[in-house]
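**Q** Coordinates for the following, if possible.
(one chain, ligands or ions: 1)
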Amino acid sequence: MRENPPAEQRKGIEMTEEKKKGFFGKLVEGLSKTRNNILGGVEQVIHNFKAIDEDFLEELEEALIVADLGVGTTIRIMEDLRVKIKERKLRDVQDVRGLLQEELVEIMRTDQDPYIFERERSVLLVIGVNGVGKTTTIGKLAHQYKSQGKKVVLAAADTFRAAAIDQLVEWANRASVEIIAQGENADPGAVVYDAVQAAKARKADILICDTAGRLHNKKNLMEELRKVNRIIEREYPDAYKEVLLVLDSTTGQNALQQAKQFKEIADITGIVLTKLDGTAKGGIAIAIQAEHEIPVKFIGVGEGLEDLQKFDPVSFVEALFEK
Ligand SMILES: Nc1nc2c(ncn2[C@@H]2O[C@H](COP(=O)(O)OP(=O)(O)OP(=O)(O)O)[C@@H](O)[C@H]2O)c(=O)[nH]1
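**A** Numbers count the residues shown, from 1 in each chain. Next up is the predicted model:
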């Protein structure tokens, strides 16, 4: 006769099944290639050694670099690991798995609350080069905030291409939110001005502005962003300001480079990392936060309206190490 598992164990089973279906399951699924890349390499090294020695640490270092964590971040992780291994007098390679998890969470943790803007009347400026998933991200954000009962207004202030405006209008329709748009090549400042007036008149909770991302013309881009900022400061001084940089995780180290360049021209407050599903390069979520100290606030894990999640370092690392 089979006995029912004890209550505590049952709860564990239920939680695991629930976890698999829901938000965490989507994360685990989306990160499958990244997990193979990072965990696969780490597990191989752990498998090849019994005791923690210099050769083991060197191979572990190599595995992390190969997994798109980048040289700088890997060196930092390894330095911390060496200290902890010594402090805790660890010898068994099996202990390194947990230690590494702990370390990854630590280098991504931020002290500030990353989502204050959700509780305030706010303006989100969204920047990023073409094709990274900027428009899709704005559509997903609009849908999510609208679903939470918030009043959302969009501003199509990336006026460089007519197609970009049309695409955003389509997303606004899909999410049933209002959008302020003008024609191609309209002055982005004028679009933002109109959008701020609309947001104030409607008592919008959140105004999300699509802005240009032509990095190859850095001087113009900087001017444009400065102008848009000035208008927001002047017309909407009470609004909480958030500047989100959208980066395509499939571009790996290139995304890191973009973060560096955008950081020079804008006060970025957060990063959205798109296309984490289907890439093995998700390690850059760790590298970006370690190297640039800008928190990843959202991750894209698919093309659907619901496929944008808040980034939580603990869940992310847990999903990476889920077997
Ligand atoms: N798989 C996957 N695809 C995504 C994700 N985010 C965006 N995409 C896709 O990436 C492509 C580019 O997205 P857009 O939103 O058009 O990119 P954009 O940065 O606005 O680019 P432009 O419109 O050219 O300025 C589209 O096919 C999206 O469906 C994601 O998280 N996962």
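**Q** Within range of the ligand, give me the residues from the stretch 101-250 of the chain.
**A** Neighbours of the ligand within the stretch 101-250 of the chain, by Cβ under 6 Å from any ligand atom: 128, 130-136, 164, 167. The way it works is simple: take the backbone N, C-alpha and C, and place the C-beta from them, glycine included.
**Q** Just the ones in helices from the residues you listed, please.
**A** Among those, DSSP state H puts 134-136, 164, 167 in helices.
**Q** Quick check: I46 vs the ligand, distance?
**A** I46 is 31 Å from the ligand, where distance means Cβ to the nearest ligand atom, to the nearest Å.
**Q** which element is that residue on?
**A** helix 32-48 (DSSP states H and E).
**Q** what bridges to the closest residue to the ligand within the chain?
**A** Residue of the chain nearest the ligand, by Cβ to the nearest ligand atom: G300 (2.3 Å). Note on G300: beta-bridge partners L308, judged by DSSP bridges.
**Q** Now do it, the pLDDT please.
**A** pLDDT for G300: 94.
**Q** how much space is there between it and E242?
**A** 17 Å (Cβ to Cβ, to the nearest Å).
**Q** Could you do K33 as well?
**A** On the measure of Cβ to Cβ, K33 and E242 end up 30 Å apart.
**Q** and the residue of the chain closest to the ligand, what does it touch?
**A** 133, 136-137, 140, 272-277, 307-308 (Cβ atoms under 8 Å, 6 or more residues apart in numbering).
**Q** hang on, the earlier thing: now do the helix or strand just after the helix holding I46: everything it contacts.
**A** Next in sequence after helix 32-48, counting helices and strands by DSSP H and E, comes helix 54-64. With contact meaning Cβ under 8 Å, 6+ apart, helix 54-64 is reached by 38, 41-42, 44-45, 48-49, 73-75, 77-78, 81-82, 93, 96, 283.
**Q** go on, stretch 72-91?
**A** Outside stretch 72-91, the residues touching it (Cβ under 8 Å, 6+ apart) are 51-52, 57, 60-61, 64-65, 69, 95-96, 99-100, 102-104, 106-107, 286-287, 290-291.
**Q** sorry, back to before: taking helix 54-64 as reference, get the angle to the helix holding I46.
**A** 170 degrees (axes from the mean of the first three to the mean of the last three Cα atoms, to 10 degrees).
**Q** Give the residue spans of the stretch 151-300 of the chain that score low on pLDDT.
**A** Low-confidence segments of the stretch 151-300 of the chain, defined by pLDDT under 70: none present.
**Q** how about the contacts of G300 in CSV, adding distance to A255 and neighbour count?
**A** Listed next are those as CSV, based on distance: Cβ to Cβ, whole Å; neighbours: other Cβ atoms under 10 Å:
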residue, distance to A255, neighbour count
G133, 11, 22
T136, 16, 22
T137, 14, 23
K140, 19, 25
V272, 11, 26
L273, 8, 28
T274, 9, 29
K275, 10, 23
L276, 11, 27
D277, 15, 22
D307, 18, 17
L308, 17, 21
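**Q** From those residues, pick the one nearest P114.
**A** Checking the contacts of G300 against P114 with Cβ to Cβ, the nearest one is V272 at 11.6 Å.
**Q** pretty sure that closest one is in a strand, no?
**A** Yes: under DSSP: H, G, I helix; E, B strand; the rest coil, V272 sits within a strand.
**Q** Which stretches in the protein count as strands?
**A** In the chain, the segments counted as strands under DSSP state E are 122-127, 152-156, 178-180, 206-210, 240-248, 270-274, 296-300, 308-310.
**Q** and of those strands, who's closest to K219?
**A** The closest of the strands of the chain to K219 is strand 122-127. By Cβ to Cβ, the value is 15.4 Å.
**Q** got the angle between that closest one and strand 152-156?
**A** 30 degrees.
**Q** residue ranges of the helices in the stretch 201-323 of the chain, please?
**A** For the stretch 201-323 of the chain, the helices defined by DSSP state H, counting those that start in this stretch occupy 218-235, 253-265, 284-292, 313-321.
**Q** Of those, flag the one that's most buried.
**A** helix 284-292 (a mean of 24; mean count of other Cβ atoms under 10 Å).
**Q** name the helices or strands packed onto that one?
**A** helix 71-87, helix 94-108, helix 253-265, strand 270-274, strand 296-300 (3 or more Cβ pairs under 8 Å, 6 or more residues apart in numbering; DSSP states H and E).
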